[in-house]
Structure formats: C-alpha cells, structure tokens
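In: Based on what follows, work out the 3D shape:
(2 chains)
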Amino acid sequence: MAHESAPTPRLRGKKILVAKPGLDGHDAGAKVIALALRDSGAEVIYTGLRKTPDYIARAAIDEDVDAVGLSILSGSHRELVAQVAGRLRELGAPDIPIFVGGTIPAEDQEALRALGVRQVFTSDMPLAAVIEALAKGLE
Amino acid sequence: MSDTGENELRISGAVPSGIEVPVVAGREHCRNPEPPPPGEYPYTRGIFADGFRGRVWTMRQYSGFGTAEESNERYRFLLEQGQTGLSVALDLPTQCGYDPVDEMARPEIGKVGVSLSNLAEMELLFDGIDLDRISTSFTINGTAAMIYAMYVACADRRGIAREKLTGTIQNDILKEYVARGTWIFPVRPSMRLTADSILFANDATPRFNAISIAGAHMRDAGCTAAEEMAYTLANGLAYVEELKRRGGDINRFARRLSFFFYVHMDLFEEVAKFRAGRRLWARLLKERHGVDDPKAQMFRFGVVCGGSSLTAAQPYNNIVRVAIENLAAVMGGAQSIFTCAYDEAFQIPTEFSAEIALRTQQIVAYESGIARSVDPLGGSWYVESLTDRMEEAMLGLIAEVEAYGGAVKAVEDGWLQSRVARRALRRKRDIDALELPVVGVNCFRRPDQTGAPGETFRLDPQASARVLAKYQAVLERRDNASATRALDRLQDAAKKDGENLMPYLVDCCHAYATIGEMVARLKRDWGEFQEPVRL
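Out: Numbering: from 1, shown residues only, chains lettered A, B, ... in the order given. Have a look, this model is predicted:
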C-alpha cells in the first residue's frame, strides 16, 4: 500500500504504558495504539488484559513511564479511571499523565478530564492526530 | 479535521480482503460457474433446497443489560414486536467467572449485558417466556458450560423436558484468546469443557447448538473477511479433533456445530465469503474426516450486521449500513440475523433504536422480495468467481495456521493474536489514508457534526446495588451444605480426565451454587490462562 511511509520519530525517548483495566477484553484498539506509538519512536509496555488499577499504577511507577494510556470499551471508564488516578496519587505519583481511549460518550469526556485525564481519544481519530496530541501533551 | 479528502476518492479494484477483481467478470474468471443446486453437496448455493420459503431466518437481536428484571422487560418488548428468538448479552463479571461481589466485578456489573450469577437470576430473566417455544442464544464462552447448565436447570425447575430446548451457546473459547478476551482457564482444560458441553448436549438437548464457532470478534478486531472465515474454520477443525479424541461420533456431533460471523460493508465480498465458507466446510468434513451424512456436512450460521463497520460519527448513517449488510446476510444464506441498532457504536440501544433495527429485518424479509428465490446471486460470474477466489484465499490461510501447528498452538503461543493485531493496525492506517473510505469519518464530514445519537440510553445507576442485594439474598436462602457438596463433587470430577463435567455443573446450579464458586473450584486444579503478550 502506498501509505507505508517512514515512521515519524515524534515520540522518541518517551516511555509509555498502554494498559487494559478491568474485565473488558476488546484489545484491538490498545494493540493498534501500542504498535503505532512504537512506530513513532516510543518505548511501549503493553500490560495485556484484565489488570487491576493497583497493578497498572505500580507498573507505571516501577517502569518510570512518561504516560499511562488506558483503553476501556466496556462503559466502566468513570469508575476505572478514578481508581487508577487514585492509586497513582496514593503511591505518590500523581504527576504521571493519563490518557484514555475507547468508547467514551462526549458528555463523559469532561468528567474524565476532571479526574485528571490529559486527553480522551476515540476510534474515529487518525493515528497521526493521536500521536501528535500525545507528543504535544508530553512536551 | 474539517478538510476531508473526497477529491482523492476512487473506486478500488480490490475487495478489502485484498483480492483484485475484474472490471467486467466473465465465465472465464470462474472455476465453478455452475455450482450444484441448493441442498446438494458442497452447498455453495445454500443448505436448504427451499431457501427461506420453508422458513424465514430467525430474527434475533442481541440484548441484555443491568438486572435480570430489566432485561426480561426488554425481551418481552422485542417478542411483542415480532422478534422470533432471544439473544442474551451477559455482563463481563458473568462472562469472566466473577460473582458480583468480587472486587474485579464491581465496576462492570450490568454494564455490557445482564448479570447472571446463579439460577435464581436465570429464573427471573425468563419469567413469562416459554423456554420450549422460544429459542435463545447466549453469547457466553469462558463460562459457557456453567450458563448452559443453569439454563438446563431452569427448564428442569419449570418442568420443561430438556429435549424441547432450542437455542445456542457460543462456547467458542479459541477465538476468545484471539479477540474478545473472556478466557478464564488455560487452553487445554478449556477445550475439555467445550467438548464436555457439546457431548452432553448431543444427548440431553438434541435440538440445542452447544457451540457457535465465531469469526465475528476476530473480524471486528481487524481481520479481513477471508481471514475471519479461514481462522474460524481452523478453530472448527480443532474442535472436531478434540471431540473425536473424546470418542464423539462426528456424523452426530457435526450436526450441532454452528457458526457466527460479522457482515461488513462490501456486499459481494460478504456474499462470496459465506458461499465459499459453506462449500469449504462441507469439503473439509468430507475429504478429511469422511463425513457423509448431509446434515453433518451442512454449514449453519448466524450473523451480526454492524459491529465495527458502524460509526459514532453521523450515527443515523448506520441505519443504511445495516440495511445493506442485512441484504448480504440474506443473499449469503444466513439462518439467523442480528441487525445492530444505529447507536450501537457508542451505547446500549434504546427501545427506539432497537425497534428500527428489528424493522429493518422485517422490511428486508417481507417487502424487498430478496428472500423469494434461493441464492439469487448464484450463477453471476462476478459472485461465482469471487467465491472461488475467496475459497482459495481461505485455504491458504488455513494452511498457514496448520503449518504453525494448528489453532490450539497458534493461540497458546499468541501467534494468531499478533497477526490479528498487525492486521488491525493496517486497517486503521488504510482508513486514515482514505484507502478505505468511511463516510462521515474520513470523508464527507461536516465541520459541525457531532456524535449526538438523538436519544441517550442511561443504565439505571441503582441496578448494581440491586444485583448485589439479590446475590446476598440467594446466599442466605439456599441450603449451603448442598451447594458445597455439589461444588466438592465438581472439583473431584475435574481431576478425572475424560469425566464429563456437565452433570456436575447442572447439580451445582440446582443447588444455587454461583458462577464465581464453580469457576473458583475449577481454577484450583486448572489455574488461569497466562496471556502471551506479544506485539
């Protein structure tokens, strides 16, 4: 295909944790983002499915990541994001930025930002736009 | 993103599976320009000689949310509107084997389906619905054997003979490791549980499909149409091997294997996919396994129209998409059809959107006339040649899985998962680059467009509290000693290789043992699946 262009190293030097909290098994989005971030120069750690908020927060701290990306398509984003953000605070790392992707209704996006989420991505967004937003958010 | 690329749009010369097609198809493109009539091996044109004149497909809308009582109300609404079968959506705790009180379960209670942790909930879910008249399909995999046992126990309680039960449990664990992710146990004990339920069903509930081998979720996770069918058939062959190893008679159990797919937007590719898959399955069973019973060779399948082909942007366009996909499903010869509601890309459908989805099927069935003649596209040079090419592509993909070591090894190692993820990335890049046009998403956008769906569905925020209260009440009401005895016997039986666990699970359900309890007992010996995380 014509668009197999050279990857933009927009995220070189960044370390990002892509995580699936809760029981949601839809991991295509998380994996696509993980692969795309890696192609953009980031070091990516993908947790795999069904991780607890505690596991995710500890992994973020142990791996000293620059950002945590949470992928949630089950409708439980409010509860799960609050739990991950809370756990990061309790463990003394309230400054690790959180990004969220998934099936997030427009009216919930504001609520997630209020919980400290840097930005919410939906599946309609082009990958280049996601990467650009992340890069800007991590400058 | 207001500048959209309509000017770059062109009509591609290849279907999304990557097969180039001629501008004008002719007889010279066809390997099988005149396949045998419907009802005759290898069933390219359909499994029934009388098509839909004998019986129209089952209209089965996937539905379920919150508590058993709320879902029961929605089921009765759908049945009153002329729906002909039920399809139960279960919440994630039920699917992953956690009781509602579990820490992992709490945020997910009743979200993507109904919470069904024990027999008391099953009784509420089917209150006033005739189990011997309405066929019910359960999208359940990791805990399929437990939910099926609960359904059988529910019929027992109502005094309905087991052999009268009709319906389906999805029970396709292999694809859960690839997409969808509601696995619990490692692959091999899971295969045992699947075989147990199929073999038990052959005797106890002979009209019930104890497995629906599903490509749908792999498709939504990124597979092409050809990959969806090929990996599904490869998984199907793995179940056949397992059932034969367990002493099952293939001419008998193969009659109750059924399949399940998505229909996406390329109409002729979808029709060709189903025609090719039907032919290939019959050939694989006959040529590799010597199956001669026509009923056992027949490829019966249900579909979903919608899934990831639907968009949150300009959501009303989804009504049109689903109608086109519905046509493909009928012309492909589906036995049961679920049409997604236009708002399904971002929420549980409202009663309003669910009704439009069902009406779409009724319009297609009774107004459009396409159900009149079986396989109306048969003999079209384009469709016959595409059917041939899709079949070749599928055979190549199945050969790759087999060269790796078969479907079980491919998912144990994460090989297939990794292939599907890469395919998903490619699909996303194709959409971003406008190779795959999606109206309202990468072209023909309006600067002011919103994802506003019209009516918004809101789960009752008290549903989760009610589920927890009912759960506690069941634990207090039941005879704990008999529940524990039933669970002990289940655990002992699990240690014996070749012992069918289904009767033990039915006993557990009768004693009001919960999903979480049954799963916990089996985990003690079997452990849990360790996901191979490979990017």
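In: So is the lowest-mean-pLDDT helix or strand in chain A next to chain B?
Out: Every helix and strand of chain A was ranked by mean pLDDT, DSSP states H and E. The lowest is helix A:106-114, at a mean of 91. Yes: under the criterion of Cβ under 8 Å from any Cβ of the partner chain, chain B is reached by helix A:106-114 at A:A106. In this view, the C-beta of every residue, glycine as well, is placed from N, C-alpha and C.
In: Mind giving me the packing neighbours of that helix?
Out: Here helix A:106-114 touches helix A:77-90, strand A:117-121, going by 3 or more Cβ pairs under 8 Å, 6 or more residues apart in numbering or on different chains; DSSP states H and E.
In: mind running it again at 10 Å?
Out: Counting contacts by 3 or more Cβ pairs under 10 Å, 6 or more residues apart in numbering or on different chains; DSSP states H and E, helix A:106-114 is packed against helix A:77-90, strand A:98-102, strand A:117-121.
In: In CSV, list the C-alpha atoms belonging to it.
Out: Extracted as CSV, the C-alpha positions of helix A:106-114 are listed here (Å, rounded to 0.1, in the frame of the first residue of the first chain):
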residue,chain,number,x,y,z
ALA,A,106,-18.9,13.1,24.7
GLU,A,107,-20.6,14.0,27.9
ASP,A,108,-18.3,11.7,29.9
GLN,A,109,-15.1,13.2,28.4
GLU,A,110,-15.4,16.3,30.6
ALA,A,111,-15.9,14.1,33.7
LEU,A,112,-12.7,12.2,32.8
ARG,A,113,-10.7,15.4,32.4
ALA,A,114,-12.0,16.4,35.8
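In: Now it: buried residues?
Out: A:D108, A:Q109, A:A111, A:L112 (16 or more other Cβ atoms under 10 Å in any protein chain shown).
In: Over to stretch B:307-326?
Out: Buried-residue list, stretch B:307-326, by 16+ other Cβ under 10 Å: B:307-315, B:317-319, B:321-326.
In: Tell me which stretches of the stretch 351-500 of chain B form helices.
Out: B:351-366, B:381-404, B:407-412, B:415-432, B:463-477, B:480-495 (DSSP state H, counting those that start in this stretch).
In: Which strand or helix spans the closest residue to chain B within chain A?
Out: When scored by Cβ to the nearest Cβ, chain A has A:G25 as its residue closest to chain B, at 2.2 Å. A:G25 belongs to no helix or strand when assigned by DSSP states H and E.
In: hang on, isn't it packed against B:I184?
Out: No: applying Cβ atoms under 10 Å, one finds A:G25 not in contact with B:I184, separated by 11.2 Å.
In: Overlap in contacts, these two.
Out: Jointly contacting A:G25 and B:I184 under the rule Cβ atoms under 10 Å, 6 or more residues apart in numbering or on different chains are B:Q95, B:C96, B:N141, B:G142, B:E176.
In: so who does the residue of chain A closest to chain B touch?
Out: Counting by Cβ under 10 Å, 6+ apart, A:G25 touches A:49-50, A:73-74, B:92, B:95-96, B:141-142, B:176-177, B:179-183, B:217, B:221.
In: Could you rerun that using 6 Å?
Out: Neighbour list for A:G25: A:L49, B:R180, B:G181, B:T182 [criterion: Cβ atoms under 6 Å, 6 or more residues apart in numbering or on different chains].
In: B:G142 now?
Out: Counting by Cβ under 6 Å, 6+ apart, the residues that B:G142 touches are B:Q95, B:G97, B:T182, B:W183, B:I184.
In: Of the residues you listed, just say which sits nearest to chain A.
Out: B:T182 (5.3 Å).
In: Can you classify the spatially most central residue of chain A as helix, strand or coil?
Out: When Cα atoms, centre = their mean is applied to chain A, the residue found nearest the centroid is A:G69 (1.1 Å). Following DSSP: H, G, I helix; E, B strand; the rest coil, we place A:G69 in the strand state.
In: in the helix or strand hosting B:K295, what counts as buried?
Out: Applying DSSP H and E as the criterion places B:K295 in helix B:294-297. Residues of helix B:294-297 classed as buried: B:A296, B:Q297 (neighbour count, 16+ other Cβ under 10 Å).
In: Give me the average confidence score over it.
Out: On average, the pLDDT along helix B:294-297 is 97.
In: got it, and stretch A:52-62?
Out: Stretch A:52-62 comes out at a mean pLDDT of 97.
In: Now look at it and say if it contacts chain B.
Out: No: counting by Cβ under 6 Å from any Cβ of the partner chain, chain B has no neighbours in stretch A:52-62; the shortest distance is 7.0 Å.
In: How far does that stretch sit from its chain's centre?
Out: Here stretch A:52-62 is found 13 Å from its chain centre; the criterion is Cα atoms, centre = their mean, to the nearest Å.
In: got a list of what B:E108 touches?
Out: Contacts of B:E108 by Cβ under 6 Å, 6+ apart are A:G22, A:L23, A:S74, A:S76, B:L92, B:P93.
In: Which among those count as buried?
Out: Buried among these by 16+ other Cβ under 10 Å: A:G22, A:L23, A:S74, A:S76, B:L92, B:P93.
In: where in chain A is pLDDT low?
Out: A:1-8 (pLDDT under 70).
In: near chain B, which residues of it show up?
Out: A:3, A:22-23, A:25, A:28, A:31-32, A:34-35, A:46, A:48-49, A:74-76, A:79-80, A:103, A:106, A:124, A:126-127.
In: returning to that earlier point: which ones among the contacts of A:G25 map onto helices?
Out: Using DSSP state H, the subset of these located in helices is empty.
In: Which pLDDT value belongs to B:I431?
Out: 94.
In: so who does it touch?
Out: B:V438, B:N442.
In: how near is the residue in chain B that chain A sits nearest to to B:A481?
Out: Nearest residue of chain B to chain A, counting by Cβ to the nearest Cβ: B:G181, 2.2 Å away. Per Cβ to Cβ, to the nearest Å, B:G181 is found 36 Å from B:A481.
In: Can you pick out the residue with more neighbours from these two?
Out: Counting neighbours by other Cβ atoms under 10 Å in any protein chain shown for B:G181 and for B:A481 shows that B:G181 has the greater number, 26 against 9.
In: nearest residue to that one other than its sequence neighbours?
Out: Distances taken as Cβ to Cβ, 6 or more residues apart in numbering or on different chains put A:G25 closest to B:G181, at 2.2 Å, once the chain neighbours are dropped.
In: swap in B:R275?
Out: Per Cβ to Cβ, 6+ apart, closest to B:R275 is B:T387, 4.5 Å.
In: who's in contact with that neighbour?
Out: Going by Cβ under 6 Å, 6+ apart, the list of residues near B:T387 reads B:A272, B:R275, B:A276.
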